[in-house]
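Undergrad: Task: produce atomic coordinates for the following.
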Amino acid sequence: MTVRLTGNDFFQLVTNLAASPPETDLIEAFIHDINPLLGEVRLVRVGPNEPLQDHQFRLSSEHFEFDTLQLMGKTSHISMEMQVYLANATHQLSVLLNQRAEIHRLREQNRMFTEKLDYQRKQLANLESTNRDFMDGITDIIISVDRVFNITSWNPAAERFTGVGQAQALNHSLWEVLSEFRTPEIEMALIETETTRRPSSFLQLITRNLKDVYLQITVYPGSAGFFLFAQDQTRAIVQERENKAFMEKLRHAQKLESLGVLAGGIAHDFNNLLLGILGNVSLAMMDLKPDSTPYQCLVDIEQAAKRAADLSSQMLAYSGRGKFIVDQVDATQLIQEMSNLVKASLPRAISIEYDLNPGCLPFTGDSTQIHQALMNVILNASESIEGEGTIRISTRPVVLTVEDISACYLSENVSPGPYTQIRIEDTGTGMDEHTLARIFDPFFSTKFTGRGLGLAAALGIVRAHNGTLNVNSTVHNGTRFEMYFPAEVPADEPRVNETSRFTTTWNGSGIVLFVDDEETVRNVGKRLLKRMGFEVLLANDGVEAVEMFARYGETIGLVILDMTMPRMDGKEALEQIKQIRPDVKIVLSTGYSERDVATNFQGRGFDAFIQKPYNYRELKDLVRMVLASTDFIKS
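TA: Numbers count the residues shown, from 1 in each chain. Predicted structure coming up:
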């Protein structure tokens, strides 16, 4: 059969294939469409490496990059012209296939590029989200500005700090948005950074919501302007200042404690010396006529010694070891009782105002000591007033917290709870920080030297009552003292009752053991007791006292025992003497105070206490009372 096909037929066939869907296998479609037109021959698809048979011929080569198409059958069944048409059609099919392959390659590349682009977009979105979260979490303010200080970036921390949103800040002048930032410090930092191209840092204090805020600002150079980093250092600076204040407070407390120990030690030794003076003076005066010159000289000596004893008492008060007669103290009532004395003690140009709360709880203390502390503060206030002025005294119940106590001058051994506050305010000249830091130093004064222990003693008295105080003062605005006493009633402590005066006709008899490590005290004690009619045994420390009592204990009617001695102190000596003879009468004596006795000797079985210095009359009244079994201090 002769096949009658033209070149247009083949061209049309390929053109139709070109319009087929992309997923169509063009070779199979070409074979499928053309074979019915070829008659006895047929077009088949063979591999590129398969050998040709005698009856086959290759229509295309591998140049066209698709499997070889072969005509199967006798070549005489197809004309040469048809073979050329068929070869051209195959060539056109090859071109079409290459175009489709290129399109597929380009589409695949585009798909891969799109997938890569989508992946990079997701990565960028994740990075932006992470960066946004990071920026949102940054507490430091980060702002960038151009060279004319218009804001180009504004992080969330800047929004939170200023309350200005990013939209309102961008492209606006930094000085308009943050006018408080425009200070000489930041302008100098900008100039320095512009000149050196190096970062410049400084500390800026600004007021935000009526609070001081400290910002550590660092200016960095940028290609188009500056970057400003601001870190809030308020907490760190406040903490540093609090730590510094605490250390200064601790240092001052340690200094006061050291001075207190020193003052107490001096007072103790001072009282021993004064006992020698007052004891001997009282004995000498008994042998002289009152109108004689020697007697008058002794009176002057006695008065001077008593004034020295008062100073010693102030030193003991400062050390917190002053003479205590413990009772319930009503602050409001105490101040009312003091009002006449206060008025008489102040110049007429100074007026007194009272605001006394009758609801104040009583506290346990020594009203005489509190009286002394208040008078010391009131007199100090009066001295600060030049000309006319006012002193205002008030009382009220308060509850102190841990924070309140930490802000006070004294905070050791002070617990939170109810307190009675005594406030003394004046309209005087006030004090600067340097003066305020030294007002409780002994003998410190801005008036003149030798002021004594007024405020220092007041501090010691408050401390001895487990209280605290606070002082506020500024120059030209007066001073406010606040004393706080714990409004609670502790267990009763041994207390000293006033001795009744006995007539001088009483004389003692029997043996008294007098124990003291100071020779002067032993000598004057012996003279005083012998003058009363006693025989006296002397011991210079606790060891000798115990040995002597073990030897003569049955004949000894009274032991006068010093508390502080070398080798064996009064506490241990008392215990051993009581073991030998429990019913012996014992009087404790010290240059400190009965508070030390109450603290260290409670329950030890002593009968009385006498504080140095004392004179003949005081010792005689006490000894007679003890030997008459009159309760003086029962422990």
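Undergrad: list the contacts for Ala89?
TA: With contacts defined as C-beta atoms under 8 Å, 6 or more residues apart in numbering, Ala89 is in contact with Phe10, Phe11, Leu13, Val14, Phe30, Ile34. The C-beta positions use only the backbone N, C-alpha and C, and glycine is treated the same way.
Undergrad: Among these, which are located in helices?
TA: Counting by DSSP state H, the members of the contacts of Ala89 that fall within helices are Phe10, Phe11, Leu13, Val14, Phe30, Ile34.
Undergrad: how close does Leu436 get to Asn472?
TA: According to C-beta to C-beta, to the nearest Å, Leu436 and Asn472 sit 9 Å apart.
Undergrad: Find residues that contact each of the two.
TA: Overlap between the neighbourhoods of Leu436 and Asn472 is empty, taking contacts as C-beta under 8 Å, 6+ apart.
Undergrad: picking that back up, can the ones in helices among the contacts of Ala89 go into JSON lines with extra columns for distance to Leu622 and neighbour count?
TA: Formatted as JSON lines, the entries for those read as follows, by distance: C-beta to C-beta, whole Å; neighbours: other C-beta atoms under 10 Å:
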{"residue": "Phe10", "distance to Leu622": "150", "neighbour count": "23"}
{"residue": "Phe11", "distance to Leu622": "148", "neighbour count": "14"}
{"residue": "Leu13", "distance to Leu622": "146", "neighbour count": "19"}
{"residue": "Val14", "distance to Leu622": "143", "neighbour count": "21"}
{"residue": "Phe30", "distance to Leu622": "142", "neighbour count": "25"}
{"residue": "Ile34", "distance to Leu622": "148", "neighbour count": "21"}
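Undergrad: Between the residues you listed, which sits nearest Val84?
TA: Looking at those and their distance to Val84, the nearest is Phe10, at 9.8 Å (C-beta to C-beta).
Undergrad: before we move on, back to that, okay, the contacts of Ala89 in CSV with distance to Arg182 next?
TA: Conversion of these to CSV gives the following (distance: C-beta to C-beta, whole Å):
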residue, distance to Arg182
Phe10, 87
Phe11, 83
Leu13, 85
Val14, 81
Phe30, 83
Ile34, 88
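Undergrad: of all those, which comes closest to Gly478?
TA: The shortest separation between Gly478 and any of these is 113.2 Å, and it belongs to Val14 (by C-beta to C-beta).
Undergrad: Report the contact partners of the closest one.
TA: If a contact means C-beta under 8 Å, 6+ apart, then Val14 has Phe30, Ala89, Gln92, Leu93, Leu96 as its contacts.
Undergrad: just Glu482 next, same as before
TA: With contacts taken as C-beta under 8 Å, 6+ apart, Glu482 has the following neighbours: Gln421, Ile422, Arg423, Leu469, Asn470, Val471, Asn472.
Undergrad: Quick check: the fifth one is in a strand.
TA: Yes. Assignment of Asn470 by DSSP: H, G, I helix; E, B strand; the rest coil places it within a strand.
Undergrad: my read: it touches Ala407, true?
TA: Yes. In this structure, Asn470 is within contact of Ala407 by C-beta atoms under 8 Å, at 6.9 Å.
Undergrad: quick one, which of these two is more surrounded?
TA: Remark: of Asn470 and Ala407, Asn470 carries more neighbours, 17 against 14, as counted by other C-beta atoms under 10 Å.
Undergrad: before we move on, the earlier item: so which of the contacts of Glu482 is the most crowded?
TA: By neighbour count, taken as other C-beta under 10 Å, the most surrounded of the contacts of Glu482 turns out to be Ile422 (27 neighbours).
Undergrad: I'd guessed that residue sits against Arg392; true?
TA: No. The pair formed by Ile422 and Arg392 falls short of the contact definition of C-beta under 8 Å, at 11.6 Å.
Undergrad: Am I right that Leu203 is in a helix?
TA: No. With three-state DSSP as the criterion, Leu203 is located in strand rather than a helix.
Undergrad: Let's test this: name the helix or strand in this structure with the lowest mean pLDDT.
TA: Evaluated with mean pLDDT, DSSP states H and E, the helix-and-strand set of the chain has its lowest mean pLDDT in strand 68-72, which scores a mean of 49.
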